[in-house]
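1. What shape does this take:
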Amino acid sequence: MPLVHLHFPTLLDGSSSCELPPRNVEFDVIFDPSETTLEEVATLFTSKVSRNTGASRTPWKVRHFVSSSSLFPPSPTLSPHIIRSPYIPPSPLPRLWKPDSMVSSILLPLLLNLPSPISIILDLGSGAGRDVCYLSESLLSSNPSVTVVGIDKHKGSARRSLPLWSKRGVSNNSSHELLDLKKLPLFDAYMASLPHPINCCYAVRYMNLPLFSHLSSNLPIGCVFALSHFVVDLDGTFNYDHPSISDVLKLGEMEGMFKCVEEGGDWKILRNDRVKDSDVGRTLINFVVRREVGKNMKEGKRKRDDQGGDHN
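-> Next comes the predicted model:
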């Protein structure tokens, strides 16, 4: 696991919380005794009650708390006039967290190989903004003009996302839109306000079937749609406490919505994989499609077919 420096006060106020690993991952904490105490650090990471909301929570799996003074004691033999070379941060910065596996292993390689330059990517239900951050970092070097937008209706999403993007140097290429995605007219108005057509929109653990159906008819030709979400098992069951069955995809639901060209639809299915999550083995679908045909193209084909039929 990489070494990541997080300023302790930013952990207390929550602005660096997105940099922490998942709560099921073991890690070590090195703290600066001039900045805080062992008791304060241990309380932050091991408490089962949130200091901000008072709600119960799962503590992090910290293996050791280590004082930096024990690792890097001051040395009187070092000259105070040592000239240090400028620090150049790695790109991207090391991270304790991981992006969603569909985003990193399927969506990113696809975006890097699109024939046309990428301008706008939308993350639907972006939450803490980690996947937005990951894509911005990964695409920035090859495409400095790309913009990845996180859309979420919760104000807490922006409060968590914006400090993360700023700290990792992608604020100019990442933005947050406070928007209720269940209100389709507002979403359409936002889409109309964008300076360029979008190249991709994706959703991770977010299900909004009316929105997805709307997108299947209205995304531009060449646009990629990607979804990673829970789906019922092949026998139609989902025997887990979370999420509820009403928030789980049915068999064939996305394929029926984004019909492929071979079946008279507009879309080419690029990936349609069933995988298991790393928590409790729930089934997920990684569904990735690209729009190949538009309404005007299909209407033109029908007219040509009709005209051809008249000549026979």
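2. so where's the stretch 201-312 of the chain shaky on pLDDT?
-> Within the stretch 201-312 of the chain, the stretches with pLDDT under 70 are 295-312.
3. Please repeat the previous calculation with a cut-off of 80.
-> Counting by pLDDT under 80, the stretch 201-312 of the chain contains low-confidence residues at 294-312.
4. now the helices for the stretch 51-200 of the chain?
-> 68-71, 101-102, 108-112, 130-140, 155-167, 184-193 (DSSP state H, counting those that start in this stretch).
5. okay, those in a markdown table with mean pLDDT and distance to Asp28 next?
-> C-beta: built from backbone N, CA, C; applies to glycine. As requested, the helices of the stretch 51-200 of the chain are exported to a markdown table (pLDDT from 0 to 100; distance: least, Cβ to Cβ, whole Å):
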| stretch | mean pLDDT | distance to Asp28 |
| --- | --- | --- |
| helix 68-71 | 70 | 11 |
| helix 101-102 | 95 | 25 |
| helix 108-112 | 94 | 29 |
| helix 130-140 | 94 | 21 |
| helix 155-167 | 90 | 21 |
| helix 184-193 | 96 | 43 |
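6. Check those for me and report the most buried one.
-> helix 130-140 (a mean of 24; mean count of other Cβ atoms under 10 Å).
7. now that helix and helix 155-167, what's the angle there?
-> Inter-element angle recorded for helix 130-140 and helix 155-167: 30 degrees (by axes from the mean of the first three to the mean of the last three Cα atoms, to 10 degrees).
8. how far is helix 130-140 from where the chain is centred?
-> Relative to its parent chain, helix 130-140 has a centroid offset of 8 Å by Cα atoms, centre = their mean, to the nearest Å.
9. give the contact list for the residue sitting nearest the centre point of the chain.
-> By Cα atoms, centre = their mean, the chain has its centre lying nearest to Asp131, at 2.5 Å. Shown in contact with Asp131 (Cβ atoms under 8 Å, 6 or more residues apart in numbering): Pro99, Asp100, Val103, Asp123, Tyr202, Val204.
10. Quick check: which of the helices of the stretch 51-200 of the chain is nearest to Gly222?
-> Proximity to Gly222, assessed across the helices of the stretch 51-200 of the chain by Cβ to Cβ, is greatest for helix 108-112 (12.1 Å).
11. Just the CA trace of that closest one, in PDB.
-> Output in PDB follows, covering the C-alpha atoms of helix 108-112 (Å, rounded to 0.1, in the frame of the first residue of the first chain):
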ATOM      1  CA  LEU A 108     -11.000   3.800 -19.000                       C
ATOM      2  CA  PRO A 109      -9.300   1.600 -21.700                       C
ATOM      3  CA  LEU A 110     -12.400   2.100 -23.900                       C
ATOM      4  CA  LEU A 111     -12.200   5.900 -23.500                       C
ATOM      5  CA  LEU A 112      -8.500   6.000 -24.200                       C
END
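12. Please shift the residue numbers so they start at 8 in all later answers.
-> All set: I'll call the first residue 8, so the last point we hit is now helix 115-119.
13. Output the contacting helices and strands for that helix.
-> Contacts defined by 3 or more Cβ pairs under 8 Å, 6 or more residues apart in numbering; DSSP states H and E place helix 115-119 against helix 137-147.
14. Now the nearest residue to Leu100 once chain neighbours are set aside, what are its backbone angles?
-> With Cβ to Cβ, 6 or more residues apart in numbering as the criterion, Leu100 has its nearest non-adjacent residue at 5.5 Å, and that residue is Arg175. The phi and psi torsions at Arg175 (degrees, to the nearest 10) take the values phi -100, psi 10.
15. Distance check, Arg175 against Gly132.
-> Distance of Arg175 to Gly132, given as Cβ to Cβ, to the nearest Å: 21 Å.
16. Same question for Val110.
-> To Gly132, Val110 is 13 Å away according to Cβ to Cβ.
17. Could you do Leu119 as well?
-> Note on Leu119: its distance to Gly132, by Cβ to Cβ, is 24 Å.
18. what packs against whichever strand or helix holds Leu51?
-> Using DSSP states H and E, Leu51 falls within helix 45-53. On a contact count with 3+ Cβ pairs under 8 Å, 6+ apart, helix 45-53 meets helix 15-19, strand 33-38, strand 68-74.
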